[in-house]
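> sequence first, then the predicted structure:
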Amino acid sequence: MSTIDDAVASMKKNLAERTGKSFTAWVNIARSLGTDKHSDIVSYLKTEGPMGHGYANAVALEARKSGVIVDEDPVDLLYGGDKASLRPLYDLIATTVSAFGKDIEFAPKKTYISLRRAKQFALVQPSTATRIDIGINLKGVAPVGKLEASGTWNGMVSHRVRLITMADFNKDVKNWLKQAYEQAG
């Protein structure tokens, strides 16, 4: 990814954290205003956003490209609003799991992201505004410590790990995910 791409990704993430709505959501709002006049869109966004000129300008530029409403990114939907602060933790989990192999599929659902290989081996769910739960399929592994039985939480996985901070995503959790990935192959 280039430095410009990094800057744009950072800007989009910051906008969601500051306003509770994703960049795509703001583009859709701007397109629904019924005007394609750049200054009108920027003025509206700075007032109603509320956002600074740079953010409003970027949204207005994107909104004026096409009249087609852009679908929301499902990950943005899960990690927007009061759950936006969990996005960096999700991104760390996704980056870590992606390194396991090229055969991983991230399949967004309404309330979680399914992690699949030949079959689902885990899921990542922003359960509250302050916690991500990772469901893991680990056949034959007894619950211990942070690795608890999933119980009635989710029948699609055998175990659950609750994460509140970045430090909670430790070596043990990474190893459990890697083990589940290997079992799913």
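Alright, I've got the coordinates.

> tell me, what residue is most central in the protein?
Val75 (3.7 Å; C-alpha atoms, centre = their mean).

> wait, it sits on Ile93?
No - the pair Val75 / Ile93 is not scored as a contact, 11.4 Å apart, by C-beta atoms under 8 Å. Glycine gets a C-beta too; all of them are placed from N, C-alpha and C.

> which element is the residue nearest to the centre of the chain on?
Val75 is part of helix 74-78, with elements assigned from DSSP states H and E.

> that helix - what's its average pLDDT?
Helix 74-78 comes out with an average pLDDT of 84.

> roughly how far does the residue located most distally from the centre of the chain sit from Tyr79?
For the chain, the C-alpha farthest from the mean C-alpha position belongs to Lys37; by C-alpha atoms, centre = their mean, that distance is 31.8 Å. Lys37 is 32 Å from Tyr79, where distance means C-beta to C-beta, to the nearest Å.

> do Phe100 as well
With the distance defined as C-beta to C-beta, Phe100 ends up 21 Å from Tyr79.

> more neighbours: which of those two?
Higher neighbour count among Phe100 and Tyr79: Tyr79, with 24 against 18, using other C-beta atoms under 10 Å.

> mind listing what the more buried one touches?
Shown in contact with Tyr79 (C-beta atoms under 8 Å, 6 or more residues apart in numbering): Ala16, Leu86, Arg87, Tyr90, Pro126.
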